[in-house]
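K.L.:
Can you look at this prediction? I've put the sequence above it.
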Amino acid sequence: MIAVRTKPSRESLTRLWKVQASPSRSIFAFSVFLLIMLTTLVFAVISLKKGAGNILFVVLAVVTACAVAIVLIRTIRYPARRFAAVQKITPDMKCEYTFTEDCLTIHNECTGINENLKLKYSAVRKVIYNECWFVFLFGGRTGIAFHENSFANGTPQELSALLREKIGKKYKVK
C-alpha cells in the first residue's frame, strides 16, 4: 500500500485561480464583447441618421449592448468569486490517496465533508510524472496532482513501478 497525504497551500490555490482568471482570457473576452457592443451601437446610430427610424432595431441594439455588458462583467468577476469560495472551504482540507494492487482510494476531508471514492486503475486516462509532481487525469475535466514529498507510505519509485504495471502506456515520465 502506498499512501499520499496532501493539504493544498495558499500558493497552489492562487496558482489555480490565476489559470482560471488569466489576464489573457479576460482581455480576450473583453475585446470580443466590446467589439460586439460597439458594432451593434454603430449600426443603430447609422440607421437612425439615415432616417430609417425603426424603433425595433434601436431597442434590439440597446438590449444587445446591455446583454453584452452583463456577460462581460460576469466573465471578469466569476473567477474571482470562485477563488473566494474555494478559499473559504479549503483552509482545513486534507486529501489522502491510497494506491493498492486493486484500486486507487481517494479520501477527502474538508469543512464537515468526509468522502471516500474507490477507482479502478482502468478509470485513469493518463498519468504524468514531471520531475517531482504526479498528475492523474480522469475522464471529463477531472484530475489530481501531488508532490513527491507528500508520500506518507511508500516512495515515488514504488508508485511509478505500480503505475507502470497497472496502466502501462498511459503512464508517462517527462
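P.N.:
Cool, the structure landed. Quick caveat, the model's predicted, so the values are computed rather than measured. Numbering: from 1, shown residues only.
K.L.:
switch to C-alpha atoms for all contacts and neighbour counts from now on
P.N.:
OK.
K.L.:
Kindly check the end-to-end length of stretch 132-141 for me.
P.N.:
Criterion Cα to Cα, to the nearest Å; first-to-last residue distance in stretch 132-141 is 22 Å.
K.L.:
residues in contact with that stretch?
P.N.:
Under the criterion Cα atoms under 8 Å, 6 or more residues apart in numbering, residues 123-129, 143-148 lie in contact with stretch 132-141.
K.L.:
Tell me the buried residues in that stretch?
P.N.:
Across stretch 132-141, burial judged by 16 or more other Cα atoms under 10 Å covers 134-137.
K.L.:
could you pull out the helices for this protein?
P.N.:
Here the chain has its helices, by DSSP state H, at 10-20, 23-49, 55-89, 156-167.
K.L.:
Return the member of those helices having the minimum mean pLDDT.
P.N.:
Ranked by mean pLDDT, these end with helix 10-20 in last place, scoring a mean of 51.
K.L.:
Quick one: neighbours of Glu165, just the number.
P.N.:
When neighbours are counted by other Cα atoms under 10 Å, Glu165 registers 12.
K.L.:
for Phe146, that is, sorry about that
P.N.:
Phe146 is flanked by 20 other residues according to other Cα under 10 Å.
K.L.:
and if you look at Val124?
P.N.:
Count around Val124 with other Cα under 10 Å applied: 18.
K.L.:
Next one: the residue nearest to it when sequence neighbours are not counted relative to Cys66, how far apart?
P.N.:
Among residues not flanking Val124 along the chain, Phe138 sits closest, at 5.0 Å (Cα to Cα, 6 or more residues apart in numbering). Distance, Phe138 to Cys66, using Cα to Cα: 39 Å.
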